[in-house]
Each structure stands twice: as structure tokens, then as C-alpha cells.
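A.B. asks: What shape does this take:
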Amino acid sequence: MEVGIVFPQADIGTQPVEDAEKAVARLRALLVEAGRDPASFGLDARIRATGGPADWVAAAQRWRSLGATHLCVSVGRGIPAMQQLETAIRMKQALAGVL
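C.D. replies: Numbering: from 1, shown residues only. Coordinates of the predicted model:
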């Protein structure tokens, strides 16, 4: 029997870190309950391109401390494609080696 878990997103950029900590702890508890090893379950975190490089690094480090294994960046909507690409490149450079 396959167990599916739907888990709400925890946006560490707009919610207190404690909420993300509780959400990750709950996810891990659900995994154990389902007979899964939490260490073998990837955690995909997302950060937004608000603020600047120091903010992005701080958010990525917070997610890493919670066990994130992957990082997605959101560069925004409604802005020109070239600006989105430039922002994504800046984020990649700032976040290199963080996660």
C-alpha cells in the first residue's frame, strides 16, 4: 500500500521560523507513522527574491538547519523575462554552497 502525504507549504520568508520548525517536525512524524525513514525523504525549500543576497543566504541557511535537501528560488511574476533570469543568476551566485 502506498501512502501519500499532502503537506502545506511553510514559507519561512513570511512566517516565523518556529512555524517552519513545527511544520518540518510534523512532516517527520507523519513519515515515521507511515513507516518511512525521514532521513531518506528530501525536503524542498523555496525562497523568494525579496531583499538582497544577505536575505537569501539567511533564508537558505535557516532551511538548511531544518534539514532542507533542495532549494527552489522564486524570482517573481509580472517582471520581464530577462530581469527574472538576471535575478535567478544573482541568487544562484549568492547561494552557491549554502545548501
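A.B. asks: Every contact and neighbour count from this point should use C-alpha atoms.
C.D. replies: OK.
A.B. asks: Can you list the residue ranges for helices in the protein?
C.D. replies: Here the chain has its helices, by DSSP state H, at 17-33, 53-65, 81-95.
A.B. asks: Lowest average pLDDT across these?
C.D. replies: Among these, helix 17-33 has the lowest mean pLDDT, at a mean of 84.
A.B. asks: one step back: looking at the helices of the chain, which is closest to residue 73?
C.D. replies: Among the helices of the chain, helix 81-95 comes nearest to residue 73, with 7.3 Å by C-alpha to C-alpha.
A.B. asks: same for the closest one, what does it pack against?
C.D. replies: Helices and strands touching helix 81-95, by 3 or more C-alpha pairs under 8 Å, 6 or more residues apart in numbering; DSSP states H and E, are helix 53-65.
A.B. asks: picking that back up, in JSON lines, list the helices of the chain along with mean neighbour count and distance to residue 74.
C.D. replies: Output for the helices of the chain, formatted as JSON lines (neighbours: other C-alpha atoms under 10 Å; distance: least, C-alpha to C-alpha, whole Å):
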{"stretch": "helix 17-33", "mean neighbour count": "15", "distance to residue 74": "18"}
{"stretch": "helix 53-65", "mean neighbour count": "18", "distance to residue 74": "11"}
{"stretch": "helix 81-95", "mean neighbour count": "14", "distance to residue 74": "8"}
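A.B. asks: how about those helices in JSON lines, adding distance to residue 44?
C.D. replies: Formatted as JSON lines, those follow (distance: least, C-alpha to C-alpha, whole Å):
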{"stretch": "helix 17-33", "distance to residue 44": "11"}
{"stretch": "helix 53-65", "distance to residue 44": "9"}
{"stretch": "helix 81-95", "distance to residue 44": "15"}
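A.B. asks: Go through the ones you listed and name the closest to residue 41.
C.D. replies: Here helix 17-33 is closest among these (C-alpha to C-alpha), at 8.3 Å.
A.B. asks: What is the distance between the closest one and the centre of its chain?
C.D. replies: Here helix 17-33 shows a centroid-to-chain-centroid distance of 14 Å under the convention C-alpha atoms, centre = their mean, to the nearest Å.
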